[in-house]
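Quick one: sequence plus predicted model below, questions after.
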Amino acid sequence: MIELLFVCLIIWMLYAWKTGKFSKENQEKNRAEFRKDWLELKQDLKKAFTNSKSIEEDKLKLQAKKDYEYTLKILGKSKTSSSSDNHHTFSESLDEPDFEILYSSYNNPASYRKIKIIDLYNKKYDGEYYTYIDAYCFSAEDERTFRLDRIEQVEELSSGKIFFSQHEIEKIFKRNC
């Protein structure tokens with residue numbers, strides 16, 4: 001096996017000597033091409049980072065769109081009355097949570113979260129239907145989706161009542177949605 005490798009090495013050396021691949025002229029030519037390619041790469045990277053203003057503008061536009069859609073979603077769920085009363089109800093609704101839940105997510109320990117319900121719906125996951133709640137989570141300061149069967153306890157903050165059974169929890173969420 002070593003003899004075969006040795007023969008291949010000798011053949012490769014003869015080929016390199018015969019074609020002049022490692023001569024001084026070829027080495028200089030290769031270095032010049034490398035420098036040229038390197039400079040082009042650096043210029044391309046500089047252009048990419050100077051376009052970061054447009055990237056920031058795109059992020060701001062996307063955030064504004066998300067905020068607008070969230071506002072429309074909340075306004076669509078609020079009770080109808082005169083327009084000034086409706087606006088007042090909307091601003092109050094974001095200030096105070098309706099419920100405090102004890103929620104155990106898939107891979108994290110249970111935690112208490114204060115929420116304001118936005119929507120309640122059923123969705124198929126792995127061949128089974130589960131009930132989900134879209135809610136504004138005050139601890140995360142963002143909209144979150146909670147699976148109903150992972151909610152261990154619910155406290156209705158307006159009355160102080162605490163619910164433990166899945167049937168009671170689903171019933172109170174349906175009533176307040």
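All right, it came through fine.

from here on, contacts and neighbour counts on C-alpha atoms
Fine.

Would you mind giving the secondary structure of E155?
Secondary structure, DSSP: H, G, I helix; E, B strand; the rest coil: E155 is strand.

right, and it touches I101 too?
Yes - at 6.3 Å, E155 counts as touching I101 under the criterion of Cα atoms under 8 Å.

Look at those two and report which has more neighbours.
The residue with more neighbours, out of E155 and I101, is I101; 21 against 18, by other Cα atoms under 10 Å.

I'd guessed that one sits against K116; true?
No - the criterion here is Cα under 8 Å, and I101 misses it with K116 at 10.5 Å.

Not counting its neighbours along the chain, what's nearest N26?
Computed as Cα to Cα, 6 or more residues apart in numbering, the closest residue to N26 that is not its neighbour in sequence is G20, at 7.6 Å.

What pLDDT does the model give that neighbour?
At G20, the model reports a pLDDT of 73.

Equivalent analysis for I10, please.
Model confidence at I10, given as pLDDT, is 91.

Remind me which helix or strand it belongs to.
helix 2-19 (DSSP states H and E).

Please apply the same query to L102.
strand 99-103.

Check which strands are paired with that strand and give the direction for each one.
Looking at strand 99-103 with DSSP bridges, its partner strands are strand 111-125 (antiparallel), strand 151-156 (antiparallel).

Just send these back as a markdown table, with distance to R175 and mean pLDDT too.
Output for these, formatted as a markdown table (distance: least, Cα to Cα, whole Å; pLDDT from 0 to 100):
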| stretch | distance to R175 | mean pLDDT |
| --- | --- | --- |
| strand 111-125 | 10 | 90 |
| strand 151-156 | 12 | 93 |
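
Just name the most buried of the ones you listed.
Most buried of these by mean neighbour count (mean count of other Cα atoms under 10 Å) is strand 151-156; its value is a mean of 19.

How far away from the center of its chain is whichever helix or strand comes after it?
Toward the C-terminus, strand 151-156 is succeeded by strand 162-163 as the next helix or strand (DSSP H and E). A distance of 32 Å separates the centroid of the chain from that of strand 162-163, by Cα atoms, centre = their mean, to the nearest Å.

No further queries at this time; thank you.
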